[in-house]
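Visitor: need a structure here:
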Amino acid sequence: MAYSSDLRKRVLAFIAAGGKKTQACRQFSIARATLYTWLNAEDPLAPQKPGPRGPRTLDLQALEKHVADFPDATQAERASHLRVSEFCVYYGLKTLGITRKKNTRL
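Guide: Model (predicted):
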């Protein structure tokens, strides 16, 4: 739930006037983590949107090259190399039609 900018102004003014952070949390019924988020923000009065901060798209050509160069790498290793999540690598491999090689010989 987003807090109103009016509440943010009142809380920050209370802190700026010398009020204690714990007292501000109790008086305005906000969580301590919320208060610290507002205090550490560049613009505390701008509403923060939840979710990822930037796009993380997988370069399919880079994934295909990584698979060709390192065929035995795990999805976790590919994810850390490409700086994406393992699920992103999974769906990228699925999109490229690359499946896990299964050796049926015993």
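Visitor: Which residue comes closest to residue 25 once chain neighbours are left out?
Guide: residue 32 (5.2 Å; C-beta to C-beta, 6 or more residues apart in numbering). All C-beta atoms are positioned from the backbone trio N, CA, C, and that covers glycine.
Visitor: can you count the residues close to the one you found?
Guide: The number of residues packed near residue 32 is 12, by other C-beta atoms under 10 Å.
Visitor: how close does it get to residue 24?
Guide: Per C-beta to C-beta, to the nearest Å, residue 32 is found 9 Å from residue 24.
Visitor: intersection of neighbour lists for those two?
Guide: Common neighbours of residue 32 and residue 24 (criterion: C-beta atoms under 8 Å, 6 or more residues apart in numbering): none identified.
Visitor: what separates residue 21 from residue 85, distance-wise?
Guide: 35 Å.
Visitor: where in the chain is pLDDT low?
Guide: 1, 47-56, 101-106 (pLDDT under 70).
Visitor: Now do the domain split for it, please.
Guide: 5-40, 60-96 (automatic domain parsing).
Visitor: And the last one, how far out from the chain middle?
Guide: Distance, stretch centre to chain centre, for domain 60-96: 20 Å (C-alpha atoms, centre = their mean, to the nearest Å).
Visitor: Over to stretch 37-46?
Guide: 18 Å.
Visitor: measure that stretch end to end?
Guide: 12 Å (C-alpha to C-alpha, to the nearest Å).
Visitor: In it, which of the residues would be classed as buried?
Guide: For stretch 37-46, burial by neighbour count (16 or more other C-beta atoms under 10 Å) applies to 38, 44.
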